[in-house]
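Enquirer: Any chance you could fold what I've pasted below:
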Amino acid sequence: MSKIKVAVVGVGNCASSLLQGIHYYKDSRADETVGLMHWDIGGYLPGDIEIVAAFDIDKRKVGEDVSSAIFARPNCTKVFCSDVPKTGVTVRMGRVLDGFSKHMSEYEARYTFIRADAPEPDKDEVVRVIRDSGAEMVLNYLPVGSEKATRFYVECALAAEVGFVNNMPVFIASDLDWARRFADANLPIIGDDIKAQLGATITHRILTDLFKKRGVKIDRTYQLNTGGNTDFLNMLNRARLLSKKTSKTEAVQSVAGERIDDHNIHVGPSDYVPWQEDNKVCFIRMEGKLFGDVPMNLELRLSVEDSPNSAGVAIDAIRCCRLALDRGMGGVLYAPSSYFCKHPPKQYTDDQAYSLTEEFIRGANLQVNHSASDVNVKKL
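Expert: Have a look, this model is predicted:
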């Protein structure tokens with residue numbers, strides 16, 4: 001199979017785990033791999049993915065080969081493949097806009113960004129770089145709260161006529177106007193807000209669905225998360241959290257059966273603990289009633305390395321986006337979006353989303369036309 005050529009926006013921990021993973025699995029066989037949801041998707045293997053363009057704003061990354069930039073501070077994710085070869089792809093200065101929260105400048109440089117002393121590109125330059133690189137899709141890894149910056153790169157992707165995989169919670173695929181623009185351009189989009197391979201949201205969803213199926217009424221629940229990477233540091237600015245909290249909360253509410261009163265559900269980032277670095281610790285509590293209105297509660301603690309947990313899903317989303325390009329499919333990819341993302345345009349249970357995604361991979365055309373009434377539309 002030919003290479004899947006990807007342009008990455010944001011060379012942070014998630015991009016580091018992704019690129020490490022591409023090379024970690026490159027010379028593996030299907031019978032000896034661990035940690036992948038799919039070894040083969042439509043004939044494409046993990047090693048068929050190639051990063052051909054990259055944008056960032058940190059001086060320790062801009063101008064560097066992407067293979068070394070992924071290990072530069074403030075990145076702090078686990079190194080499981082240290083011998084990533086030179087790619088020949090230089091990280092270019094990106095557009096800042098709201099992609100950097102000013103409060104982060106108050107922290108030590110090893111924890112936060114140092115803005116590169118380089119001119120920001122305009123739309124025409126970014127479009128030219130994407131086209132010249134041969135990229136077939138843009139992978140968005142901008143920080144939470146980067147509303148304007150995300151829309152800038154979405155416009156660039158549309159102008160460059162490439163697909164888009166939206167890994168963060170700015171609502172693009174789940175915004176009816178953006179979805180229509182991708183459909184009109186016959187370009188695929190997967191989004192919004194990547195759901196980790198086995199993280200806080202997917203675990204909370206599965207438990208919520210289990211309560212529903214076993215007839216247990218949920219009275220109240222919370223999900224608290226702590227971490228020490230730049231994602232958690234960025235989210236100390238609560239003004240940047242509106243879409244993130246909406247995304248995570250609706251991911252749980254959508255499988256609850258009977259919607260939980262807003263007062264009785266709290267799902268979202270909680271605090272920044274520097275020494276945790278890329279380790280994310282999640283605490284879930286669920287209170288409900290069993291047979292005879294007898295009360296019960298469940299508490300769970302989950303500890304995961306945050307960015308590899310994301311990359312394990314991104315590597316599949318990229319390959320599904322390429323399948324759509326091969327098949328001439330444009331617009332929102334509803335099945336992969338529902339399985340890979342927290343805030344897709346159409347929510348399904350995880351069992352349904354899994355089955356639909358397997359059908360999509362096998363070649364089913366699942367591009368139905370959803371109306372605004374049954375699509376999870378967010379107008380910002």
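Enquirer: Where do the helices of the protein begin and end?
Expert: For the chain, helices defined by DSSP state H occupy the ranges 13-24, 66-69, 123-133, 147-160, 176-184, 200-213, 230-234, 242-253, 306-327, 334-340, 350-362.
Enquirer: Please name every helix or strand in contact with the shortest one.
Expert: Secondary structure elements in contact with helix 66-69, counted by 3 or more C-beta pairs under 8 Å, 6 or more residues apart in numbering; DSSP states H and E, are strand 49-56. Every residue, glycine included, has its C-beta placed from N, CA and C.
Enquirer: repeat that with 6 Å
Expert: Judged by 3 or more C-beta pairs under 6 Å, 6 or more residues apart in numbering; DSSP states H and E, helix 66-69 is in contact with no other helix or strand.
Enquirer: what's the spacing between that helix and its chain's center?
Expert: 20 Å (C-alpha atoms, centre = their mean, to the nearest Å).
Enquirer: Give me the average confidence score over that helix.
Expert: Helix 66-69 shows a mean pLDDT of 98.
Enquirer: Check the last one too.
Expert: Predicted confidence along helix 350-362 averages 96 (mean pLDDT).
Enquirer: how about the helices of the chain, which one is nearest Asp83?
Expert: With respect to Asp83, and counting by C-beta to C-beta, the nearest of the helices of the chain is helix 13-24 at 7.5 Å.
Enquirer: Of the helices of the chain, which is nearest Gly35?
Expert: That would be, of these and by C-beta to C-beta, helix 306-327, which comes in at 6.1 Å.
Enquirer: So for the closest residue to Leu142 other than its chain neighbours, what's the pLDDT?
Expert: In space, Leu142 comes closest to Gly10 once its chain neighbours are excluded; the distance is 5.0 Å by C-beta to C-beta, 6 or more residues apart in numbering. Per-residue confidence (pLDDT) for Gly10: 98.
Enquirer: Please work out which of the helices of the chain is packed deepest.
Expert: Per residue and on average, the most neighbours among these fall to helix 334-340, with a mean of 27 (mean count of other C-beta atoms under 10 Å).
Enquirer: So for that helix, mean pLDDT?
Expert: For helix 334-340, the mean pLDDT works out to 97.
Enquirer: again, but for stretch 91-102
Expert: 94.
Enquirer: Please apply the same query to stretch 53-61.
Expert: Here the average pLDDT along stretch 53-61 is 97.
Enquirer: who's in contact with that stretch?
Expert: Identification of contacts with stretch 53-61 by C-beta atoms under 6 Å, 6 or more residues apart in numbering yields 7-9, 11, 62, 66, 69, 72, 89, 91-92, 94, 96, 113-116, 129, 133, 135.
Enquirer: Check those residues for burial and list the buried ones.
Expert: 7-9, 11, 62, 66, 69, 72, 89, 91-92, 94, 96, 113, 116, 129, 133, 135 (16 or more other C-beta atoms under 10 Å).
Enquirer: So which of these are in strands?
Expert: Using DSSP state E, the members of these that fall within strands are 7-9, 92.
Enquirer: Mind putting the helices of the chain into CSV with distance to Glu32?
Expert: Converted to CSV, these look like this (distance: least, C-beta to C-beta, whole Å):
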stretch, distance to Glu32
helix 13-24, 12
helix 66-69, 24
helix 123-133, 32
helix 147-160, 36
helix 176-184, 38
helix 200-213, 25
helix 230-234, 32
helix 242-253, 33
helix 306-327, 17
helix 334-340, 25
helix 350-362, 22
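Enquirer: so which of those gets nearest Trp39?
Expert: Nearest of these to Trp39, taken as C-beta to C-beta: helix 306-327 at 10.2 Å.
Enquirer: Let's see that closest one as PDB, backbone CA atoms only.
Expert: In PDB, the C-alpha atoms belonging to helix 306-327 read as follows (Å, rounded to 0.1, in the frame of the first residue of the first chain):
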ATOM      1  CA  ASP A 306      -2.000  10.000  28.600                       C
ATOM      2  CA  SER A 307      -0.400  10.500  25.200                       C
ATOM      3  CA  PRO A 308       0.200   6.900  24.100                       C
ATOM      4  CA  ASN A 309      -3.400   6.300  25.200                       C
ATOM      5  CA  SER A 310      -4.400   8.900  22.600                       C
ATOM      6  CA  ALA A 311      -2.000   7.800  19.900                       C
ATOM      7  CA  GLY A 312      -3.500   4.300  19.900                       C
ATOM      8  CA  VAL A 313      -6.700   5.700  18.600                       C
ATOM      9  CA  ALA A 314      -5.200   8.400  16.300                       C
ATOM     10  CA  ILE A 315      -3.300   5.700  14.400                       C
ATOM     11  CA  ASP A 316      -6.700   4.100  13.500                       C
ATOM     12  CA  ALA A 317      -8.500   7.400  12.800                       C
ATOM     13  CA  ILE A 318      -5.800   8.300  10.300                       C
ATOM     14  CA  ARG A 319      -6.200   5.100   8.500                       C
ATOM     15  CA  CYS A 320     -10.000   5.400   8.400                       C
ATOM     16  CA  CYS A 321      -9.600   8.900   7.000                       C
ATOM     17  CA  ARG A 322      -7.400   7.500   4.200                       C
ATOM     18  CA  LEU A 323      -9.900   4.700   3.400                       C
ATOM     19  CA  ALA A 324     -12.500   7.500   2.900                       C
ATOM     20  CA  LEU A 325     -10.200   9.300   0.500                       C
ATOM     21  CA  ASP A 326      -9.600   6.100  -1.400                       C
ATOM     22  CA  ARG A 327     -13.300   5.500  -1.700                       C
END
